[in-house]
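Visitor: sequence and predicted structure, then a few things I'm wondering about:
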Amino acid sequence: MEVKKPKIKSMRYEDFKDNEYIDNLVEQLNASGVNVVVGKLDQLLNWSRSNSLWPFCFGTSCCAIEFMCLGAARYDMARFGAEVARNSPRQADYIMCQGTITYRMAPVLKRLYEQMAEPKYVIACGACTISGGPFKNSYCVVKGIDEIIPVDVYLPGCPPRPEAMFYALMQLQRKIKVTKFLGGDNRKEKRMEYVPEDK
Amino acid sequence: MFDFTTVTNWLHELLLSVMPAWLTTTVECILVAVFLLLAYSVLAMIYIMYERWVCGWIQCRRGPIRVGPGGSLQIFADVFKILTKEIITLWHTDKFLFFLAPFLVVMASVLTFACLPWGKGLQFIDFNIGAFFIIAVSSIGVLGILLAGWSSNSKYTLIGAMRSGAQMISYELSVGLSVLTMVCLAGTMSITGIVEAQADGWFLFKGHLPAIIAFIIYIIAANAENNRGPFDLPEAEHELTAGYHTEYSGIHYGLFYLAEYLNLFVVSGIAALLFLGGWMPLHIPGWDGFNTVMDYIPSTLWFLGKAFFMTFIFMWIRWSFPRVRIDQMLALEWRYLMPMGLVNLVVMAIVVTQGWHF
Amino acid sequence: MADLQQQIAALCPQAQFDTVDDMLMVTVEDAQWHALALRLKNDLHFDQLSCLAGVDWKDSIGVVYYLTNTDTQDMVHVKVATTDREHPMLHSVSDIWAVANYQEREAYDFFGIVFIGHPDMRRFFLRNDWVGHPLRKDYDENPDLNPIRLDDEQNEDYTCTYVEDENGNVKKVDGKVFEDDEYVINVGPQHPSTHGVLRYRVSLDGEMVKKVDVVSGYIHRGIEKLCESLTYPQTLLYTERMDYMAAHINRHCLCMCIEKALGIEVPRRAELIRLMMDELMRLSSHLLSYGCLTMDQGATTAFFYGFRERELIYDIFDRTCGARMSMSYSTIGGVVADVHPDFVKDVRHACDVIEKNLKEYHQLFTGNVIARNRMVGVGVLGKEDAINYCITGPSGRASGVHCDVRKTHPYSLYDEFDFDEVMRTEGDSMARYMVRMDEIVQSIKILRQACDKFEQCEGNEYVAEKVPKMIKLPAGHWYQQVEASRGAFGVYLESDGDPKPFQKPYRLHFQSPCFNLIGVVDLTCRDNMIADLITITASIDFVIPDIDR
């Protein structure tokens, strides 16, 4: 069965950037060959996962305010079915890291990421999360959250506009739509095994 | 008006003609269970979308519109996703209780759900103490919530569970008292009996002031029973992150979510049953033409329509009121609602014995 | 001022006097400082410690205190320094001005200055295991010393205080934050209602709060240190990322401080634009705090209403500055460019809409019986405490403190405008909330007047004074205060008069209003319920990056 290029409602494929990345993933999937039954199931799963992205409220600074605007009436994240913002990491699907991560916050972010249930995705929202942004030279700012946790989508801006956040959300949807779940996961990050100390 | 007993009787006769009595009963039980669970899950899904759209409408937003036509497939995406989400097991917890809790909550709501009068002759369980049974089984839910909070081994969930325990046990009284008031008016505890008693007018209009007071008490107490705003303290998002189900992920959390919405339907259904005549069409004495037209509308539609209307009121309350504090909530129950309910019950008894109702 | 100098000289003969930045500066030795501080507060009524800035002067290390007399609004600043760089020690004034409690912890964290007699000498912004004190000029920035640590930070239940005996020997005494048998829950750093990454450790008795320990620094980005490596125009960038809900106002403040040092007069049109932007920012901030307060109490719909109107203000910013949040609009000498042609029309429209919809807010939330029960009489902050903790802004005015900088030390063009300082005396959550709602009305009033004035000076497209490409300030220090959305925002700027082409600030300290606000969390939340902790902190309304900087 052939894996198709991901389609997003009311956005043309050419309007997106980073199409080569998605093309590569599609090619990889097609090259390895997919059984029709498994492929259809995968499609169903990917469709459901990409359309039901519940965010984890994780805002440290300015970007969080734009995220609130994203949820509010004008932009309305609910259109994407993403308004069910969960405050417990266990129930969320993706973490949109909004704002600078400092050395003191880094272990907390890592812990929160580990607490999330698979499948989980990360959007690095704002300049600070990508590279440290304006605070790159600071003595206690992490220079990009990808030093701590794996990142799926990078979203530049200081802070990014709500429209940009939607774009990042759609890019994430595209990425999820070319994920192979059954018969081997093609995501890079593998699950970590946690062994408690007293066992 | 179409009576569903003809269908059920026909099925019963059909099965009896091909198989022995014990097998008939077994097959019927299985059929009922399948139908019940199907109705349960479909209604829960409808309700989740209903709430999301109503909430969007109240908050000047559009709500889910992008998945499928008009956002109608949104809920399927959510269901498939949550079914395939990882279930996290925690160390240092009582795993048996941790896994049992969501099922207890769902069980309580399924049992209550089964008592509702779906239409003329269409009822899963119907026996002479139906109202009593509803009150009894609906309080199993609090056990699940307490267990969930306790077994998660977290301070937040424990506070959420304790709040929930205090709240649900308190408001059980008010719900019980207002149900009793209406039972008193109906003169029977049987669900069908209560519905039949409203053939010439719904209790809300028949029962004078005590019925209206009981209705208001019921709306407040049912909101609290359901852990919905303004009484959503057990899962008070802004205090306890997610309350008693903070540590649940995947389908376990989905079950809590499901039960929450189904409970909403159950309390709306009971309100429809007790105050708005269950599946009984709107009858105005003397207006025979009008009454006949009303009778043409199927009874199931009547019931669902009333339940959805009641739900709309519950949602309206939830999305406009701030949350109360734990001491204010308990004071409201023990100082105001319960004494009022008791007095109301006595007044209703007097009204009934004196025959002052319509 | 000479009068004041004589009075202080009478209290402390050893003090040296100077006049810097049109303000009296007193320099005293540490040995006399505590006694003088007590006299300053009790005899001369300098009851508010407005700013405490630690400075490393290379040969000595010390602190500059800005004191305010809340009756006459006179200000004086005191410089106390020690030459011992290895173990710098000063006497704490946290027993005199309560606000010094957290301020001194900050100075300890940044400069390693130990305050003798301070009850709780822990680090405030940086991890417990941090090596060095970053704002000292001899700080070792080697990343190996302080790598990103991914192990969880251990909770610190132990604190210490330094006590001086009669012979002048200083001894370290250990203390405890929480007892072993207390039920301590952790709120934050990632919690929906801390409005960011603040963390409280709350000791509970049932649902009652017994004690709150505020742990901050989860978004401490070292802005003050970063500023020391940038030129003056570059430092402006960071002001918008501290209190992002007062971005224009903070930037305005730093611009004014540098302009004051340079002696630049800003064109009237630019000053009007800045003022209008400030007031728009205030509107947006108060609408946000309305939204957050209601959401924290569970009235989600009200949140959406507040945000609906904020979008109008964002549109105005967007059209003029090209950005919705970090506008980078004010600059040294004026504003970057002229406003959008529809600016005045848009502002008038936004004013009309917000004024109309304000009634809706009151209908939806203010009159609600649950909201009233949750807020009236909860978290009362008295006037004395508000002054003592240096609570300014809406929270201070709700306690009856006359602290609006626009009235007490009029800056920009505020003395030309007719508006009221909203005051209440109850000091509870409801009062704090109502002050904000009434300030929205006042801001609209100012904006309408500003629109008229703006139309009068039409035709004059001159919006920025010429400023030298390389800004060089003379040696000295300046302090500028403005009324930000959450209180008095102060900038302490020190220049060493470096003749090199790209001069950098020697020390830039931001006295943020929210930093003082966290001081009263413990005071107001004690013996209230855990649900009230959320309401009270929401009504006090702080922005965490402003605390941590």
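Guide: Structure received.

Visitor: Three-state assignment for the closest residue to chain C within the stretch 251-358 of chain B, please.
Guide: Distances between the stretch 251-358 of chain B and chain C by Cβ to the nearest Cβ are smallest at residue B:323, namely 3.1 Å. Heads up, the C-betas are built off the backbone N, CA and C, glycines and all. Three-state assignment for residue B:323 (DSSP: H, G, I helix; E, B strand; the rest coil): coil.

Visitor: correct me, but it touches residue C:297?
Guide: Yes - using Cβ atoms under 8 Å, residue B:323 is in contact with residue C:297, at 5.6 Å.

Visitor: those two: who's more crowded?
Guide: Per other Cβ atoms under 10 Å in any protein chain shown, whichever of residue B:323 and residue C:297 has more neighbours is residue C:297, with 31 against 27.

Visitor: so how far is residue B:348 from the more buried one?
Guide: 36 Å (Cβ to Cβ, to the nearest Å).

Visitor: equivalent analysis for residue C:372, please.
Guide: Counting by Cβ to Cβ, the gap from residue C:372 to residue B:348 is 32 Å.

Visitor: same question for residue A:49.
Guide: The value you get for residue A:49 to residue B:348, if Cβ to Cβ is used, is 53 Å.

Visitor: for residue B:323 and residue C:297, list the residues in contact with both.
Guide: C:370, C:374 (Cβ atoms under 8 Å, 6 or more residues apart in numbering or on different chains).

Visitor: which residue ranges of the stretch 1-150 of chain B form helices?
Guide: B:5-18, B:21-58, B:74-83, B:95-113, B:130-138, B:140-151 (DSSP state H, counting those that start in this stretch).

Visitor: may I see those helices arranged in JSON lines, with distance to residue C:413 and mean pLDDT as well?
Guide: JSON lines is the format used below for the helices of the stretch 1-150 of chain B (distance: least, Cβ to Cβ, whole Å; pLDDT from 0 to 100):
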{"stretch": "helix B:5-18", "distance to residue C:413": "81", "mean pLDDT": "81"}
{"stretch": "helix B:21-58", "distance to residue C:413": "42", "mean pLDDT": "85"}
{"stretch": "helix B:74-83", "distance to residue C:413": "52", "mean pLDDT": "86"}
{"stretch": "helix B:95-113", "distance to residue C:413": "62", "mean pLDDT": "86"}
{"stretch": "helix B:130-138", "distance to residue C:413": "65", "mean pLDDT": "84"}
{"stretch": "helix B:140-151", "distance to residue C:413": "57", "mean pLDDT": "85"}
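
Visitor: please name whichever of those helices is nearest to residue A:5.
Guide: Nearest of those to residue A:5, taken as Cβ to Cβ: helix B:74-83 at 19.9 Å.

Visitor: helix or strand right after the host helix or strand of residue B:171?
Guide: Assigned by DSSP states H and E, residue B:171 belongs to helix B:155-186. The element immediately downstream of helix B:155-186 (helix or strand, assigned by DSSP H and E) is helix B:191-196.

Visitor: could you give me the average pLDDT of that next one?
Guide: The pLDDT scores in helix B:191-196 average 81.

Visitor: who touches that helix?
Guide: B:115-117, B:123, B:126, B:128, B:130-131, B:182-183, B:186-188, B:273-274, B:277-280.

Visitor: show me which positions of it end up buried.
Guide: Neighbour-count burial for helix B:191-196 flags B:191-196 (criterion: 16 or more other Cβ atoms under 10 Å in any protein chain shown).

Visitor: can you tell me which two in those residues are farthest apart?
Guide: Taking Cβ to Cβ, no two of the buried residues of helix B:191-196 sit farther apart than B:191 and B:196, at 9.7 Å.

Visitor: so between residue C:372 and residue B:348, which is more surrounded?
Guide: Comparing residue C:372 with residue B:348 by other Cβ under 10 Å, the one with more neighbours is residue B:348, at 25 against 14.

Visitor: what does stretch C:456-469 contact?
Guide: C:262, C:264-270, C:272-273, C:331-338.

Visitor: how far is stretch C:282-296 from where the chain is centred?
Guide: 18 Å (Cα atoms, centre = their mean, to the nearest Å).

Visitor: so how many other residues sit close to the residue in chain A that chain B sits nearest to?
Guide: When distances are taken as Cβ to the nearest Cβ, chain A reaches nearest to chain B at residue A:48, 3.4 Å away. The number of residues packed near residue A:48 is 21, by other Cβ under 10 Å.

Visitor: where does the stretch 51-200 of chain C have low pLDDT?
Guide: C:155-156 (pLDDT under 70).

Visitor: wait, I meant the stretch 101-250 of chain B
Guide: If you take pLDDT under 70 as the line, the stretch 101-250 of chain B has these spans: B:234-239.

Visitor: alright, calling it a day.
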